[in-house]
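Student: Sequence and predicted structure, then a few things I'm wondering about:
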Amino acid sequence: MTVTDISRRKKFFAQGNAYVPHIVVIEKIIEETPDTRTFHFSFKDEKLRKDFIFESGQFAEYSVFGVGEAPFTISSSPTRRSHLECTIKRVGRVTNALHRLGVGAEIGFRGPYGNGFPLDYLQGKNLVFIAGGIGMAPLRSLIWSVIDNRDSYQKIDIIYGARSPADLCFRYDLDLWGRDKTINLVTTVDKGDEGWSGREGFVPQVVEQVAPSASDAVAIVGGPPVMIRLTFPVLKNLGFAPEQMLTTLEKRIKCGIGKCGRCNIGNIYVCRDGPVFSYAQIKQFISSEY
Amino acid sequence: MINSARQQRLIDEAKALLKQGKVRWIIGFEAGSLKFTTTPLITADAGDTSRLVINSFIVNNLSNFLPELEGRIGIVAKGCDSRSIVSLIQDSKVRREDVVILAVPCSGLIDLAKVEQLIGKDRDEIDAISRKDDKVIVTLAGAKREFSISEALYDNCLACELPTPQEYDILLGEPILPSNEPAAGQKKLDELKKMSPEARWQFWKKELERCIRCYACRNACPACYCQRCFVEETEPQWLLPIPHWQDNLMFQITMDIHVAGRCTDCGECQRACPVNIPLRSLTKEMYDIVADLFHFKAGMDKEALPLMTHYEQEEAEDLIG
Amino acid sequence: MADKKINKRDIAKLPNEWCREFSVLVPSRESGTVAMTRWDGKDIGFLDWYRNTVVPPRDSFLPLIEEMFSFYKDKDGYNIELPPPKEQKQLIFGIRPCDARALAILDMTFNDGYQDPYYLGRRQNTVLVGIGCTKAYDSCFCTSLGNSPTDTTGVDLMLTDIGEDFLVEAITDAGKELLTTSSLSKATEADQARAKVSEETARQKVTRNIDIRDIAQKLRASFEDQDFWQKVAAKCISCGICTLLCPTCYCFDINDEMSKAQGVRCRSLDSCSFPIYTRMPMENPRTEKWRRVRNKVCHKYEFYPMLFDAIACTGCGRCIRLCPVNWDIIQIIESVPTGA
């Protein structure tokens, strides 16, 4: 499989009016950090609950009716279908409104959109997951999917960092991954506190220290743009080729389906051609447009 | 001094300023790509200064560009523009020592929209437009027609209170006095004031229904210098980004209040509007209110404190009480 | 040839006939600017003054504001209602070749992948009657883009000025169906010849030209040339005129509007000239004006051709005519470094 196939265009399109959301109901809310929550939700429509399929890395448009829409990745795994999850940091109008909602509230959901991670490309390889803060959300979906098909993959490294111990998301997952003998989990924080005995340091530095082997490996990077920008050169020095580095990009997305225009990086539309990209695809633009 | 002579002087002065390193930038006008059009020339290259022009179509208020450039700037300024510069200095957006004002006494600019109305042709179909004393001469298909300046100049030019900049470093040409007929520039406003409130409401409804929310009025305005405009705030969202006429009106009114005491009646908001909304009728009314209530005219007096950002101790009681 | 003609005196008979079946839109100054507006059923005086609209006819397909659906909450939760489909067919009379071609360019985006039901619904519901141009603006440059003042791309029926008459040419089947009025007579060979002359004369009047050979490659090579982009962006005031009134621009925003218990999800046109367009809570990749100018130019002349093999510009000249600072795309395109 060549790298250009990585962001293969989905031939699957929902029928009908793509702008009209489905109604989903919030079933559980997990307080991840002081400003981030994970919402567990399910479709109101029973048929959709059964039929809905998606891939790790794909995103959806969530709406609080009367406030507006915003795109978030689906942070649960397609291999675990009892409900869907999304993890949302409180940063603006829509996310604030989402955080005001409680269990039982109805929100709009349309998707899934985008390409998702190329599982067939990743199979049989060593995987290095590198995430910062809420950038773990799309990777977490993939990690669970990989764990649920553990035999199809080789070594797994997970390097996860946050600003402070309180900013680490998915601690319940980190516990499980930490205990899994087949996974090498490294957590780090920019600055620790009294209770923190783990590593300190920015994610790119920690990647440098951990120095995962590039041999037969793919690195999957998720996090704030600045972290992504700084992590690529480190991986490059470790011998990762542009095709061996994947990331999922975040842009201001409105329509989610390649029409409204604003998520372009050059001729690439993040919503339609991504959000998962290899560094080979975006290296021309990444310095100046992302 | 005739135009060509002072244009040459401008070129010489601008070139010298750049060459001697006295300024890093020159902002002036050069010939535009369309008939009867000029365009801002913003350059650090002394070679470009030979393209500078002065004519009856130097419409832009170039002070708009001052806050975004770094380094000392030589700027071509008509009377109204010089008032905007002074106002920007008062608001600490620009430092006086960072600008070299190349003052152009201005006898008013020709309003192409008015000429089009008078002639019944679009601007690019007209052969020539020239200015002679208090006449504007339009040549169409070889035939000349004369119009009085009150018919053919911008309303704000007719009402101009400062044709010659007071604040300047280099004066290009002889000073010009204000015209004796400011009433001509007040015509549109007078018509509106005569309307019943209901009729006026309907008038603005119709005008603002075609607003496309391009924000050219705001972006062309040197007094609108906020880094982040209230229309872009989302928490709280003061205004929906959907151009319904009510929101468009809300935007115009708020903008008007925000530039009260800063607006110099340069007319750029209205001129920039691509769909001919008579915005100056709003800004000029506010300008007149500010003059009446506070005896304040933006940019006329360098020593004055900015109207809306200072207060006197004795005002405090009233303001709060 | 089966072309027809109609005497200019009788021209009102055409919309008169059409408005039985269609909602007919014609160029009008009714709104205070020039836009396609519902025909009042009386005169067609626009023929005397009309050159092109200020608001592009795109507005009839992708309007400035559009209700996508409404929603309300009852005891069972949220309900969504789509706006009722428009029953009456629409006919635009007087669209210019540049704007008709622009619609063909927009179709590429709205047809690609997910179908856009709003835009495409209107497209399928609308018949375009073009009128060829006889006098170009001094900002027109359609001929540089393989277009012409009498080009028939995208129209269903085309009218060409041949002096006392208009030559009436059906381009599509939908256009043929419009040729039922008895006021039409058969066009002669002499009429056809006159149309050729008229076309050539109109062509000559388009005086501005740009060389678009290798433009996509040049732009690609100059993408990182910050000096160039800063220089061409210097006088831009970042308003939305050149995008919001461009017939091939289509960017939009989606927002909710509430009134009491009922809400509406609206889409409204947006512009890549605005810093907020790409603003995210923590970052904005295009805070600087030159980056936005670069994106605007490259989108039209480099990215769109990469995606759809078509330049997203038809040379209508609106962006030049309407720009408050005379920012001129022709001069920009002309000055793109060769990259060598």
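Tutor: The structure has been received and is ready for your questions.

Student: what are the bridge partners for the nearest residue to residue A:129 once chain neighbours are set aside, then?
Tutor: Take residue A:129 and drop its neighbours on the chain: the residue closest to it by CB to CB, 6 or more residues apart in numbering or on different chains is residue A:158, 4.5 Å away. (Each C-beta comes from the backbone N, C-alpha and C, glycine too.) Taking DSSP bridges as the rule, residue A:158 bridges to residue A:129, residue A:185.

Student: What segments of the stretch 201-340 of chain C are strands?
Tutor: Assigned by DSSP state E, counting those that start in this stretch, the stretch 201-340 of chain C shows strands spanning C:252-259, C:262-269.

Student: So which of these is the most surrounded?
Tutor: Highest mean neighbour count among the strands of the stretch 201-340 of chain C (mean count of other CB atoms under 10 Å in any protein chain shown): strand C:262-269, with a mean of 21.

Student: since we're on the residue of chain B found nearest chain A, how many residues are nearby?
Tutor: In chain B, the residue that lies nearest chain A is residue B:234 (4.3 Å; CB to the nearest CB). Neighbour count of residue B:234, defined by other CB atoms under 10 Å in any protein chain shown: 16.

Student: Over to the one 3 residues further on?
Tutor: Residues contacting residue B:237 under the criterion other CB under 10 Å number 15.

Student: Test my guess that it contacts residue A:92.
Tutor: No. Using CB atoms under 8 Å, residue B:237 is not in contact with residue A:92; the gap is 10.5 Å.

Student: Please convert the strands of the stretch 201-340 of chain C to TSV, extending it with distance to chain B.
Tutor: Formatted as TSV, the strands of the stretch 201-340 of chain C follow (distance: least, CB to the nearest CB, whole Å):
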stretch	distance to chain B
strand C:252-259	6
strand C:262-269	5
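
Student: Now for whichever residue of the stretch 151-290 of chain A sits closest to chain C, how many residues are close by?
Tutor: Of all residues in the stretch 151-290 of chain A, residue A:261 sits closest to chain C, at 3.5 Å by CB to the nearest CB. Residue A:261 has 23 neighbours, counted by other CB under 10 Å.

Student: In space, not sequence, find me the middle residue of the chain.
Tutor: In the absence of a named chain, this looks at chain A. Nearest to the centroid of the C-alpha atoms of chain A, with distances taken as CA atoms, centre = their mean, sits residue A:138, at 1.6 Å.

Student: looking at chain C here, not the other one
Tutor: Nearest to chain C centroid, counting by CA atoms, centre = their mean: residue C:247, 2.9 Å.

Student: Just the pLDDT for the closest residue to the residue of the stretch 151-290 of chain A closest to chain C other than its chain neighbours.
Tutor: The shortest distance from residue A:261 to any non-neighbouring residue, by CB to CB, 6+ apart, is to residue C:251 (3.5 Å). Here, the pLDDT recorded for residue C:251 equals 97.

Student: My understanding was that residue C:251 contacts residue C:243; is that so?
Tutor: Yes. Judged on CB under 8 Å, residue C:251 makes contact with residue C:243 at a distance of 7.1 Å.

Student: shared neighbours of these two, which are they?
Tutor: C:271, C:272 (CB atoms under 8 Å, 6 or more residues apart in numbering or on different chains).

Student: where along the stretch 1-150 of chain C do the helices fall?
Tutor: Taking DSSP state H, counting those that start in this stretch as the test, the helices found in the stretch 1-150 of chain C are C:13-18, C:46-49, C:97-111, C:117-124.
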